[in-house]
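Peer 1: Just the structure for this:
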Amino acid sequence: MLDVDQYTIGQLARAAGVGVETIRYYQRRDLLPVPEVASGFRTYPASLAERIRFIKRAQELGFSLDEIANLLMLEDGNDRQAIREVAHERLVQVQAKLADLHRMEDMLTQLIQQCASSTQQAQCPIIQALASDAPKSAKNCQG
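Peer 2: Numbering: from 1, shown residues only. Have a look, this model is predicted:
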């Protein structure tokens, strides 16, 4: 019988809300330890479920597994300044992506408006913009 603070890999997977293969993958990536075999099977501390949930949440926020490994290593050493720096770098990346998305939104809005208000005698500005290196303003398109 297992200690209540110890799980088999299947129990750990269920507790963390992931599959067994996810745990094995994280072990191969050195995000999780591989415990020694005891009594014919490996047992995992229940606390690893929280670590797995942390990894999944960090992935949802866009952190790569390498960045997550770095965060885990830093957390183990309690280097909060370094953790903030990693998180700040990710924030800068997210802000840049958001700026790109806003530019795309503005461009698409403008192209849709141009296409809706133009005649059908020339190429649609949406098609013209997608076919060229830079969006061009077309006057004629009928949708």
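Peer 1: Kindly list the longest helix within this structure.
Peer 2: Looking across the chain with DSSP state H, the single longest helix is helix 80-116.
Peer 1: what separates it from the chain centre, distance-wise?
Peer 2: 15 Å (CA atoms, centre = their mean, to the nearest Å).
Peer 1: tell me which strands and helices it is in contact with?
Peer 2: Applying 3 or more CB pairs under 8 Å, 6 or more residues apart in numbering; DSSP states H and E, we find helix 80-116 packed against helix 65-77, helix 125-131. (C-beta placed from N, C-alpha, C; glycine too.)
Peer 1: what about residue 56, how many neighbours?
Peer 2: Neighbours of residue 56 under the rule other CB atoms under 10 Å: 16.
Peer 1: thought it was touching residue 17?
Peer 2: Yes. Contact criterion CB atoms under 8 Å: residue 56 and residue 17 qualify, at 7.4 Å.
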